[in-house]
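Peer 1: Quick one, fold the following:
(one chain, ligands or ions: 1)
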Amino acid sequence: MAADKKAVVTIDGPSGAGKSTISRMLAARLGYTYLDTGAMYRAVGLHVRRREIDPEDAEALEAGLDELAIELLPVGDDDVRVLLNGEDVSAMVRSAEMGLVASQISAYPQVRRKLTELQRSVAATGALVAEGRDMGTVVFPDALHKFYLDATPEERARRRCEQLRLRGENPDPQEILGQIIKRDHADSSRALAPLRPADNAVIVDSSVMGPEAVVEYMLANIKGFAMLGEK
Ligand code: DC
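Peer 2: So this is what the prediction gives:
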């Protein structure tokens, strides 16, 4: 079912560009639900790991999908919990390892089909800010407001290292940069729903703008568009 055109704002972009922070803030400002589609792919990754399914084995992966239920539970103004077969796995799926497994299993058509359906069904229940890799291109092609949030790999690696240091880890900046470049390549070179800006997406470079400035810029863009429509 196609979602209401006005009710979906899409934010796509590579990992580490600030999509989650920006999407949460924008959703709270607009009073929309925040849809974290990366968390859904990560939950499938966790399921695959737990069941010891070989991510290279398409048949086993498809069978594994039959026994998988993913739900997203909005919490407060700007947060969402991801439930895997009823269990809250939100914290567990945030690891770097789950990011890599998610990237791997996200190349499978069966996985994408299942999650695309689920994402559209969430949109049918109310207004959304949907973040991911293919929100504006594949899942919600009719969304009225599409953004592509980018930042240089070096800046994204710097932010990631900062996050890890805050968690008490001691990351190797070169290694982190290498991981980011590898995941960018995997996400943008896969045959199905590759990471790329939608033709009508507004491209925003967060390398030189703080989160508040990015959100204000997006809101101005959304309001400007609405005013044009009212004329
Ligand atoms: O945004 P994230 O880092 O949580 O996403 C984890 C992986 O999931 C990402 O490397 C690719 C995949 N993904 C996807 O293929 N499509 C989406 N809409 C969201 C995430």
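Peer 1: got the residue ranges for the strands in the chain?
Peer 2: 8-12, 33-36, 70-75, 79-84, 87-88, 128-132, 145-150, 202-205 (DSSP state E).
Peer 1: Not counting sequence-adjacent ones, nearest residue to the most centrally placed residue in the chain?
Peer 2: Centroid-nearest residue in the chain: Gly132, 2.6 Å away (criterion: C-alpha atoms, centre = their mean). Leaving aside its sequence neighbours, Gly132 sits nearest to Thr37 (C-beta to C-beta, 6 or more residues apart in numbering; 3.6 Å). For the C-beta atoms, the positions are set from N, CA and C on the backbone; glycine is no exception.
Peer 1: What is the distance between the longest helix along the chain and the centre of its chain?
Peer 2: Ranked by residue count, the top helix of the chain under DSSP state H comes out as helix 211-230. The chain centre lies 21 Å from the centre of helix 211-230; the measure is C-alpha atoms, centre = their mean, to the nearest Å.
Peer 1: Packing partners of it?
Peer 2: helix 19-30, strand 145-150, strand 202-205 (3 or more C-beta pairs under 8 Å, 6 or more residues apart in numbering; DSSP states H and E).
Peer 1: Run through the residues that contact the residue nearest to Gly132.
Peer 2: Leu115, Gln119, Ala130, Glu131, Gly132, Arg133, Met135, Val139 (C-beta atoms under 8 Å, 6 or more residues apart in numbering).
Peer 1: what do you get for Ser206?
Peer 2: Neighbour list for Ser206: Ala17, Gly18, Ile22, Leu149, Asp150, Ala151, Glu155, Val214 [criterion: C-beta under 8 Å, 6+ apart].
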